[in-house]
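Peer 1: Provided below are the primary sequence and the corresponding predicted coordinates.
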Amino acid sequence: MCEEKRLRIAIQKSGRLSEKSLGIIRSCGIDFQTDERVLRSSASNFPLDFIFVRDDDIPTYVYDNVADIGIVGRNELDESGYALDVVRDLGFASCRLSIAVPVDFTYTSLKCLEGRRIATSYPRILSSILEKNGVSASLVTVSGSVEITPAIGIADCICDLVSTGTTLKMNGLREVEEIYRTSAVMIARKDFGCEIEKKSILDRLLVRMDTVNNAKKKKYVLFNLPSVKLDEAARIIGGMKSPTVTPLLDKDWVSVQSVVSEDRFWSVFEDLRNLGAEGILVMPIEKMSD
Ligand code: PRT
Ligand code: ZN
C-alpha cells in the first residue's frame, strides 16, 4: 500500500515567531497538539507534520530536505545565504536591522564606520551593505547580547535587530542608521516543484492561508438606501462586481450588501451615510476566496 505523502514544516520552538506561526496554521482549520517538551507533532486532519527547532536552523533544515517548508524571519533566511523560495510574506514579527553607537560616538553616515569594530549576529547581511557603500570595517560576530559589546570593549558599535529601541537605550546606545527591514516569511526549497504530491499539499495550505488573510482585510457591509441613490453608492463602494441588491417593502428603498476593504472602510462608511444610507451593518468576514 502506498504511504500517504505528508508535508513537513519547521516552526520556531520557542520565541517571537512561535505563537503566531502556530496561529496561522490553526486558522487554516488544521488541528494538532503541541507541548513544550515535544519537538515533533502531526496534524490530525491535514497531511502536515511539524518539527519545532531554533529559528537559526530553519533555513538549513529546509535547504537540506529535513523540512519541506518553514516559517522564519527574513533576516535568518538572508543571513543563511541559502537560495530558498519565499512563498509568502507573513508580515508579523517585523523589525529593523540598525547600526547603533554609544551616545558619545559622532556619526554622520556609514562612512564613519570605516576601520571600526562592529559587533553583530548578522555578518553576511551587514558585510554586503558595507561593501555596497564602500566601507571597510572589522566585524565581530556574536550570537546574542550584542548590545553589551561596546561597554565591555570588544566593539566600537553594533548592528542588531531593533523593534521599540528600548534595549538600545537601556544599554547606552543610539540608533543611527536602519540598514534592512525584516518580517516573518514562509520558505520552501526552490526545487520543490518536482515533488508533485508535496507541492499540491503546499498549494492547498497556501490557498487556505490566503483565504483567511483575504477575509482579514475586508468587511461585509449591509445597508438600506433610497433606490435612486444606488448608482452613486456603487461608485463610492467601488470594485463591486455585482452588489447584492434586495427590494424592500417600501418600493423606494433597497437593501445593499457588499464587501469593502478594511483600509477604505471609514471613508466608504462616511460617504454612504452622507448619501443617505441607513441601518449600516458591518460584519467581519471569517473566510474569503478570490
Ligand atoms: O531560540 P531561537 O534561536 O529560536 O530564538 P532567537 O532568540 O534567536 O529569536 P527571537 O525569538 O528573539 O526572534 C525571532 C525573530 O523575530 C527574529 O529573527 C526577527 O526576525 C524577529 N524579531 C522581531 C526580533 C525582534 N522583533 C526583536 N526585537 N528579533 C529580535 N529582537 C531583539 C533584538 O535582537 C534586541 O535584542 O529584541 C531586542 C530589541 O528589542 P527592542 O524592542 O528593545 O528594540
Ligand atoms: Zn535564533
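Peer 2: Structure's in. What do you need? Ligands and ions are numbered 1, 2, ... in the order given.
Peer 1: Give me the helices and strands touching the helix ranked longest in the chain, please.
Peer 2: Taking DSSP state H as the criterion, the chain has its longest helix at helix 196-216. In terms of contacts (3 or more C-beta pairs under 8 Å, 6 or more residues apart in numbering; DSSP states H and E), helix 196-216 is packed against strand 7-12, helix 18-27, strand 85-89. C-beta: built from backbone N, CA, C; applies to glycine.
Peer 1: if we go to 7 Å?
Peer 2: Judged by 3 or more C-beta pairs under 7 Å, 6 or more residues apart in numbering; DSSP states H and E, helix 196-216 is in contact with strand 7-12, strand 85-89.
Peer 1: Just put those in a markdown table and tack on mean pLDDT, distance to residue 57 and mean neighbour count.
Peer 2: What follows is those, written out as a markdown table (pLDDT from 0 to 100; distance: least, C-beta to C-beta, whole Å; neighbours: other C-beta atoms under 10 Å):
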| stretch | mean pLDDT | distance to residue 57 | mean neighbour count |
| --- | --- | --- | --- |
| strand 7-12 | 98 | 8 | 24 |
| strand 85-89 | 97 | 18 | 16 |
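Peer 1: Indicate which one of the ones you listed is closest to ligand 1.
Peer 2: strand 7-12 (4.8 Å; C-beta to the nearest ligand atom).
Peer 1: That closest one versus helix 18-27: what angle between them?
Peer 2: 150 degrees (axes from the mean of the first three to the mean of the last three C-alpha atoms, to 10 degrees).
Peer 1: Could you list the paired strands of strand 7-12 along with their orientation?
Peer 2: According to DSSP bridges, strand 7-12 forms sheet pairs with strand 48-53 (parallel), strand 69-73 (parallel).
Peer 1: next SSE after the longest one?
Peer 2: Moving toward the C-terminus from strand 48-53, the next helix or strand (DSSP states H and E) is helix 58-63.
Peer 1: what about residue 187, neighbour count?
Peer 2: 26 (other C-beta atoms under 10 Å).
Peer 1: which residues does it bridge with?
Peer 2: Applying DSSP bridges, one finds that residue 187 bridges with residue 70, residue 86.
Peer 1: what sits against it?
Peer 2: 59, 62, 69-70, 72, 77, 84-87 (C-beta atoms under 7 Å, 6 or more residues apart in numbering).
Peer 1: Separate out the buried members of those.
Peer 2: 59, 62, 69-70, 72, 77, 84-85, 87 (16 or more other C-beta atoms under 10 Å).
Peer 1: List, out of these, those positioned next to ligand 2.
Peer 2: The subset of these within reach of ligand 2, by C-beta under 5 Å from the ion, is empty.
Peer 1: In TSV, list those residues along with distance to residue 161.
Peer 2: As requested, these are arranged in TSV below (distance: C-beta to C-beta, whole Å):
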residue	distance to residue 161
59	16
62	21
69	23
70	19
72	13
77	14
84	20
85	23
87	23
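Peer 1: Just name the closest of those to ligand 1, please.
Peer 2: residue 72 (7.2 Å).
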